[in-house]
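J.: Compute the structure for the input listed below.
(one chain, ligands or ions: 2)
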Amino acid sequence: TDATSDLFTLPKAELHLHIEGTLEPELAFELADRNRIRLPYESVDQLASRYSFTDLQSFLDLYYATMTVLRTEDDFAELTRRYLRRATAQGVRHAEIFFDPQAHVSRGVPFEAVVDGIGAALAEAARDQDVSGGLILCFLRDRPVVEAEQILTTALARVDTLIGVGLDSAEVGYPPSLFADVFGRARAAGLHAVAHAGEEGPASYIGEALDLLEAERIDHGIRAVEDPALVGRLAHEETALTVCPLSNVRLRAVPDLTAHPLRSLMDAGVRVTVNSDDPAYFGGYIGDNFVAVQDALELTDLDMMRIAQNSVESAFAPLDRKVALL
Ligand code: ES4
Ligand code: ZN
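T.: Numbers count the residues shown, from 1 in each chain. Ligands and ions are numbered 1, 2, ... in the order given. The predicted model follows:
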């Protein structure tokens, strides 16, 4: 066996994965046909050729436009089935899946169709592929806070379908502090809390997410390297960062993989994990991210094992499940 297949079989938890970001161009066209929606592209190849970005917003524009082909419960189930097939082939044994309900409910898709579709595929895979998981509802930070309050009210009627809440979409200008009350309500209902911070936004947003949202993990968090005191805090508090190396290159948060701060963060004692973010758009699933980052940063096999172990330790899974995966 070669090094790539070892990294693919290493048992790991995926902690930063937007299910809408797993929509491959082929499935986008299949669902567009099935739902009689016209995509503004001639072919799968033409859509795929648009997957080239200059920053987070340029990606988000295509991401929100393409996800409009997702309409029914079965669309969400099929999307999730295909993701879990690819993920388990790259060693994922536990997947905490982000979804953006505001982007669907605002188009007339019922909240229940989204969570029941994703949930059905997760239940099937738990049975057939020995993968566990859960759903994390992300609030869209570039939409009005009142909309987040409303989607949380809807979601709390089905709180059993969720493990946590998160915060995503365009970051700069939308600090975590805006969502302190919404997160407080979610935590009071027993949900875990995570937040995107320090992807494009400043390191101060990471501190806000920890202090005001009580985020238990930080999604991305790479701009923490600009604040040594914050890096010390993250290490001391054993806060996991869910880093997405290929995403950071594609969205130009880092110039190239060799310049990625993942190694400095690890060397400073931060609990770093490696994840795929929006794998259909960024050129690779989780194992591809492990391979790319090991190559570019000359990480040892032991470093890679540590990263995989960090992901299991930082998961919101029952202890007996985590023990089974360590
Ligand atoms: C996202 Cl890469 C990224 N950053 C922020 N929000 C997102 N939603 C989907 N992918
Ligand atoms: Zn993300």
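J.: Identify the residue nearest E24 in space, chain neighbours excluded?
T.: Leaving aside its chain neighbours, E24 sits nearest to A280 (4.6 Å; criterion: Cβ to Cβ, 6 or more residues apart in numbering). (Glycine included, C-beta is placed from N, CA and C.)
J.: Could you check the pLDDT of that neighbour?
T.: A280 is assigned a predicted lDDT (pLDDT) of 98.
J.: ok, now D2?
T.: Per-residue pLDDT puts D2 at 67.
J.: Could you tell me how many residues sit around G173?
T.: 9 (other Cβ atoms under 10 Å).
J.: Please read the previous query as pertaining to G134.
T.: Using other Cβ under 10 Å, G134 is surrounded by 18 other residues.
J.: who's in contact with the nearest residue to it once chain neighbours are set aside?
T.: In space, and not counting its chain neighbours, G134 is closest to I163: 3.6 Å by Cβ to Cβ, 6+ apart. With contacts defined as Cβ atoms under 8 Å, 6 or more residues apart in numbering, the neighbours of I163 are 96, 134-136, 191-192, 316.
J.: What score does I163 have for pLDDT?
T.: 98.
J.: Please report how far it lies from D295.
T.: Here I163 is placed at a distance of 33 Å from D295 (Cβ to Cβ, to the nearest Å).
J.: Whichever residue of the chain sits closest to ligand 1: what's it in contact with?
T.: Per Cβ to the nearest ligand atom, D168 is where the chain lies closest to ligand 1, at 3.5 Å. D168 sits next to 18, 98, 100, 138-141, 196, 219 when contact means Cβ under 8 Å, 6+ apart.
J.: go with 10 Å
T.: Residues in contact with D168 (Cβ atoms under 10 Å, 6 or more residues apart in numbering) are 16, 18, 56, 60, 98-100, 136, 138-142, 194-196, 199, 219-220, 277.
J.: Let's see which of those end up in helices.
T.: Judged by DSSP state H, helices contain the following of these: 56, 60.
J.: where's stretch 54-70 relative to the chain centroid, distance-wise?
T.: Here stretch 54-70 is found 15 Å from its chain centre; the criterion is Cα atoms, centre = their mean, to the nearest Å.
J.: meant to ask about stretch 224-240
T.: Worked out by Cα atoms, centre = their mean, stretch 224-240 lies 21 Å from the chain centre.
J.: ok, now stretch 69-82?
T.: 17 Å.
J.: I'd like to know the average pLDDT value across it.
T.: Computed over stretch 69-82, the average pLDDT equals 98.
J.: that older thread, in strands, which of the contacts of I163 appear?
T.: In strands, judged by DSSP state E, the following of the contacts of I163 are found: 96, 134-136, 192.
J.: Can you say which two of these are spatially most distant?
T.: Using Cβ to Cβ, the ones in strands among the contacts of I163 reach their maximum pairwise distance at L135 and H192, which is 11.0 Å.
J.: can you list residues touching both of those two?
T.: Common neighbours of L135 and H192 are listed as 96, 162-164 (criterion: Cβ under 10 Å, 6+ apart).
J.: What residues does the stretch 151-300 of the chain have near ligand 1?
T.: By Cβ under 6 Å from any ligand atom, the residues of the stretch 151-300 of the chain that approach ligand 1 are 168-169, 196, 199, 247, 277-278.
J.: can we see that at 5 Å?
T.: Residues of the stretch 151-300 of the chain found near ligand 1 (Cβ under 5 Å from any ligand atom) are 168-169, 277-278.
J.: can you pick the most crowded of the residues you listed?
T.: In terms of neighbours by other Cβ under 10 Å, these top out with D277 at 31 neighbours.
J.: how about that one, what does it touch?
T.: By Cβ under 10 Å, 6+ apart, the residues touching D277 are 14, 16-18, 21-22, 59, 98, 168, 196, 199, 219-220, 242-248, 250-251, 284, 286, 289.
J.: rerun that using 8 Å as the cut-off
T.: Applying Cβ under 8 Å, 6+ apart, the residues near D277 are 16-18, 21, 244, 246-247.
J.: what would the residues you listed look like in CSV with pLDDT?
T.: Shown next, in CSV, are the contacts of D277 (pLDDT from 0 to 100):
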residue, pLDDT
H16, 99
L17, 99
H18, 99
G21, 98
C244, 99
L246, 98
S247, 98
